[in-house]
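In: Task: produce atomic coordinates for the following.
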Amino acid sequence: VSKNNAYAKTRDYLIAIDNLYISYVRLIKEHGNKFTWGQLSFQKEQIVKLLDDEINYFSQHQTEIRKTNTLEDLPGQAEELKTHLVEELDKKIYKTLATYEVAEAQGAFDEFNALSQILDRVVVFKLKSGETKSIVANWTTEIKSIREKTDSQLNKSLSALNATPQNSASSGELEIISQLASGAKEELKRSKPLFAEVMAIL
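Out: Residues are numbered from 1 along each chain as shown. Reported below is the predicted structural model:
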C-alpha cells in the first residue's frame, strides 16, 4: 500500500511538472504576440513551431507517465525529463528569447522609419519655405544619426542571432544578442523627444 501511494504521488508530481512547463512555454509563446515583428515576421512562424514542439513533448511525456504501472517505472521518466530540459528546452528558450530581442528592436525601428519618413517630407517643405530652418536642419541630422546607429546595432544583433543554430542558443549567446538589441532600443529612445519637438514646431 505504501509503495502504491508513493507511486501515485510521484506520478502526479511528474505530471504536475509537465503542466508547469507547458504553462511556461505558452507564456513565452504569448510574449511573442506583444510586439510588432516588422521585417523579421517570417521568423515568428519558426519560433511558434519551436515552442509548439516543446508543448507537444511535455504533453506526450505526460501520456508516457500515465502508462506506467509501478514506482520503478518513474525514475526513468524523471531522468528523461531532466535530460530534455538541459539538452533541449533551455537551448530552445534561449534561442526564442534572443529572437524576440532582435525582432522587438526591428519592429520598433520599422515604426521609427515610417514615422520619420512622414515627418521628413514635412521638414523638407519647411526647409524650402525657410521656416525654422536651423532647428529643422538640426532635427534632420539627429534623426539621421539615430537611424544609422540603430541600424548598425541591429545588424550586429541580427548577425549574432544568425550565427546561432536554427533551433538553439546558449545563455552566453542570448546575453550578447540582448546587449546588442538593447543598444538599438536605447538609440531609438532618443527619438521620442525629437519627434515631440518637431511636431510642436510643425
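In: Spatially nearest residue to the residue nearest the centre of the chain (excluding sequence neighbours)?
Out: Per CA atoms, centre = their mean, the C-alpha nearest to the average position across the chain is that of Tyr100, at 1.4 Å. Excluding its sequence neighbours, the residue lying closest to Tyr100 (CB to CB, 6 or more residues apart in numbering) is Gly32, at 6.1 Å. For every residue, glycine as well, the C-beta is placed using N, CA and C.
In: Now that neighbour: phi and psi?
Out: Recorded main-chain torsions at Gly32 are phi -70, psi -10, according to degrees, to the nearest 10.
In: wait, what's in contact with it?
Out: With CB atoms under 8 Å, 6 or more residues apart in numbering as the criterion, the residues that contact Gly32 are Lys44, Ile47, Val48, Thr96, Tyr100, Ala103.
In: Just the closest of these to Glu142, please.
Out: Sorting the contacts of Gly32 by how near they are to Glu142, with CB to CB, puts Ala103 at the top with 25.8 Å.
In: about what we covered before: spit out the contact partners of the residue nearest to the centre of the chain.
Out: His31, Gly32, Phe35, Ile47.
In: Give me the buried subset of the contacts of Gly32.
Out: Taking 16 or more other CB atoms under 10 Å as the criterion, what is buried in the contacts of Gly32 is Ile47, Thr96, Tyr100, Ala103.
In: Low-confidence ranges, the chain, go.
Out: Within the chain, the ranges that satisfy pLDDT under 70 run 124, 126-133, 201-202.
In: Next, count neighbours for Lys189.
Out: Counted with other CB atoms under 10 Å, the burial measure for Lys189 works out to 10 neighbours.
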